[in-house]
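[1] I'll drop the sequence and a predicted model, then ask my questions.
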Amino acid sequence: ASSTVTLEVTASALVSRIIGGNRSMFSSSSLLLAADPIDPDDADSPFNFVWSCRRLHSPIPGSEDEGGCFAAGATPPGLFEDTGEVSMGAGSLTAGEYVFQVEVSK
């Protein structure tokens, strides 16, 4: 006699949070945000990061009336490259409310 069992093993979802956010600051202050990803399966492969930024009360990014964080052509160089940190010098953001998002993948 014999028995057969079929199992499907799937990876756990990645978990991410942003350190340095949810606060008030002056436009004359510098800003450092860092992604803090966790892989519950502890896979050894590196993380990939995609950052985005928009004004809080602006239309969805990519829409016709997109409300980005910076004037056209004024995004600081290297700001949204595949990195776990976003760093901006004083004066990079004008007064207002902003939403930063990071998508983490492997």
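    Ah, there it is. Numbering: from 1, shown residues only.
[2] ok, residue 32 - contacts?
    20, 85, 86, 87 (CB atoms under 8 Å, 6 or more residues apart in numbering). To be clear about C-beta, it is placed using only N, CA and C from the backbone, and glycine gets the same treatment.
[3] quick one: residue 76 from residue 90, how far?
    From residue 76 across to residue 90, the span is 12 Å (CB to CB, to the nearest Å).
[4] and if you look at residue 41?
    Taken as CB to CB, the span from residue 41 to residue 90 is 40 Å.
[5] Verify the stated contact: residue 104 with residue 18.
    No: using CB atoms under 8 Å, residue 104 is not in contact with residue 18; the gap is 10.2 Å.
[6] any shared contact partners between these two?
    Common contact partners of residue 104 and residue 18 (CB under 8 Å, 6+ apart): residue 35.
[7] okay, these two: which has more neighbours?
    residue 104 (18 against 15; other CB atoms under 10 Å).
[8] Quickly list what that one is bridged to.
    Beta-bridge pairing for residue 104 (DSSP bridges): residue 49.
[9] what's it in contact with, if anything?
    Residue 104 neighbours (CB under 8 Å, 6+ apart): 14, 16, 35, 37, 47, 48, 49.
[10] What number of residues are in the vicinity of the third one?
    For residue 35, the number of neighbouring residues by other CB under 10 Å comes to 20.
[11] Is it bridged to anything, and to what?
    Beta bridges link residue 35 to residue 18, judged by DSSP bridges.
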